[in-house]
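Asker: kindly return the folded structure for what I paste below:
(chains A and B)
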Amino acid sequence: DAGVIQSPRHEVTEMGQEVTLRCKPISGHDYLFWYRQTMMRGLELLIYFNNNVPIDDSGMPEDRFSAKMPNASFSTLKIQPSEPRDSAVYFCASSSSPGLLNTGELFFGEGSRLTVL
Amino acid sequence: QKEVEQDPGPLSVPEGAIVSLNCTYSNSAFQYFMWYRQYSRKGPELLMYTYSSGNKEDGRFTAQVDKSSKYISLFIRDSQPSDSATYLCAMDTGRRALTFGSGTRLQVQP
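Answerer: Sure, this is the predicted structure:
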C-alpha cells in the first residue's frame, strides 16, 4: 500500500492567495483527519470525517478554512484568503474502525509545508 | 490550560542511556493512550498503544499509564542514535480523534 498521499509537499504563497491541500487516504480506511503542526501549538486537530461525512470541525480556526471529502479516496483542505499565521505543516491521516486485530491507529502522510509570505 | 502537557525538551542523552518521556493530562475521559514517533520532516508513526492503567513492554520500549495521577510515561532502554526523533504522546476518549502533546525532541549521541 502506498500509504497516505498528500500534495503539494511544499507550498509558498503570498498573503491573500487561495491555498488548496490535497489528501488521498489509505484504501479501505473510513476515517480521515486533518491536523496542523506548528512549533508553538504542536499538532492540532482541525477536522475529521467518517465515511466522507464531517464529524467534528471545531478545530477549524475560522471561516477562511474549509475541508471537503467528495469521495472515499480524496479530501481537500482550503484556505482562502491565506495569512502569514497559517504557515505550518498540515498533515492528513487516515484510519479504519477498530476491530479485534487493530487499534484504529492513525496513519499519517508526510505533510504539506505551507509558507505564507 | 492544554488538555495534554508534554515537556518539549530537547533531551540529549548518550547512546545506551535509559530515556524517560512523560505527559500529563487533565481530561479524565481519555481511555486510550499512545506514543507516536516523528522523524524530521516526516509524519508521526505509532510506536506504542495502551488501554487502561498499567505497563506495556515492546522490545526496548515500555509504556506506563497511571490514570489516577493522569500521567503517562515512555521508557526507552539502551537508547540508540536511531531513536533520535520527536516523541508525541496522544490520547483518545473513544471518539477516534487523537489529542496530542506538543512533543519531546530526543537526541541520542553516539
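Asker: ok, now which ones touch whatever residue of chain B ends up closest to chain A?
Answerer: Nearest to chain A, among the residues of chain B, is B:G43, at 3.1 Å (C-beta to the nearest C-beta). For every residue, glycine as well, the C-beta is placed using N, CA and C. B:G43 makes contact with A:V4, A:F91, A:A93, A:F108, A:G109, A:E110, A:G111 under the criterion C-beta atoms under 8 Å, 6 or more residues apart in numbering or on different chains.
Asker: a markdown table for those residues, including secondary structure, pLDDT and distance to B:Q1?
Answerer: Formatted as a markdown table, the contacts of B:G43 follow (DSSP: H, G, I helix; E, B strand; the rest coil; pLDDT from 0 to 100; distance: C-beta to C-beta, whole Å):
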| residue | secondary structure | pLDDT | distance to B:Q1 |
| --- | --- | --- | --- |
| A:V4 | coil | 97 | 31 |
| A:F91 | strand | 98 | 24 |
| A:A93 | strand | 96 | 25 |
| A:F108 | strand | 96 | 26 |
| A:G109 | coil | 97 | 30 |
| A:E110 | coil | 96 | 32 |
| A:G111 | coil | 97 | 27 |
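Asker: can you pick the most crowded of those residues?
Answerer: A:A93 (27 neighbours; other C-beta atoms under 10 Å in any protein chain shown).
Asker: and the residue minimising distance to the centre of chain A, what helix or strand is that in?
Answerer: Centre of chain A computed as the mean C-alpha position; nearest residue by C-alpha atoms, centre = their mean is A:W34, 2.8 Å away. Using DSSP states H and E, A:W34 maps to strand A:31-38.
Asker: look up phi and psi at the residue nearest to B:E5 when sequence neighbours are not counted.
Answerer: Distances taken as C-beta to C-beta, 6 or more residues apart in numbering or on different chains put B:T24 closest to B:E5, at 4.9 Å, once the chain neighbours are dropped. Per-residue torsions, B:T24: phi -120, psi 160 (degrees, to the nearest 10).
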